[in-house]
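Enquirer: predicted structure and sequence below. I'll ask about it afterward.
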Amino acid sequence: MEKILITEVGASPAENVIKSCNQSLVKEEIIGVSRNPINLFTSRVQIKRHIPYEYALDNEYKKAFLKILEKVKPSLAVFMSDREILEASKFREEITATGTQLFMPRHEVKKSVQININLICFGKQRG
């Protein structure tokens, strides 16, 4: 049985992925990670891990996330939040060194997409 770690569980995008995994003929153990304890509580995952909000935007996120990977040893991590993708992509080599494969873009790609989105939003605000 494969272990798949999914971030931001409890939110609709992640729960849709979890639902598909649970309906699959191939049974996986789904590990849910969230910064929101209420979302984590309502999620349909078997194993739940919490990363506090204050860790989401600083160096502690990396430490907390790597600790979860070492403990649960998933074969795949799927990131559902743009903010987490941007942060986790900075230490992708350390994540893959734990034996976990990733489903997320490289940091450079995500960063350039985020810059383009910010420019579009700025342009729309300016008219």
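Expert: Perfect, thanks for sending it. Numbering: from 1, shown residues only.

Enquirer: okay, CA-based contacts and neighbour counts for the rest of this
Expert: OK.

Enquirer: a helix runs through residue 63, doesn't it?
Expert: Yes: the assignment for residue 63 is a helix, going by DSSP: H, G, I helix; E, B strand; the rest coil.

Enquirer: any idea how far residue 71 is from it?
Expert: Separation of residue 63 from residue 71 (C-alpha to C-alpha, to the nearest Å): 12 Å.

Enquirer: what do you get for residue 34?
Expert: 16 Å.

Enquirer: which one of the two has more residues nearby?
Expert: residue 34 (24 against 9; other C-alpha atoms under 10 Å).

Enquirer: tell me the pLDDT of the more buried one.
Expert: What the model reports for residue 34 is a pLDDT of 91.

Enquirer: same check, this time on residue 60
Expert: 81.

Enquirer: could you give the number of residues near it?
Expert: 14.

Enquirer: work out for me the element it sits within.
Expert: According to DSSP states H and E, residue 60 maps onto helix 59-72.

Enquirer: that helix: which residues count as buried?
Expert: 61, 62, 65, 66, 68, 69 (16 or more other C-alpha atoms under 10 Å).

Enquirer: output the lowest mean pLDDT helix or strand found in the chain.
Expert: helix 107-126 (a mean of 54; mean pLDDT, DSSP states H and E).

Enquirer: burial count for residue 74?
Expert: 21.

Enquirer: who are the contact partners of the closest residue to it other than its chain neighbours?
Expert: Leaving aside its sequence neighbours, residue 74 sits nearest to residue 3 (C-alpha to C-alpha, 6 or more residues apart in numbering; 4.6 Å). Each residue near residue 3 by C-alpha atoms under 8 Å, 6 or more residues apart in numbering is listed here: 28, 29, 30, 31, 73, 74, 75, 76.
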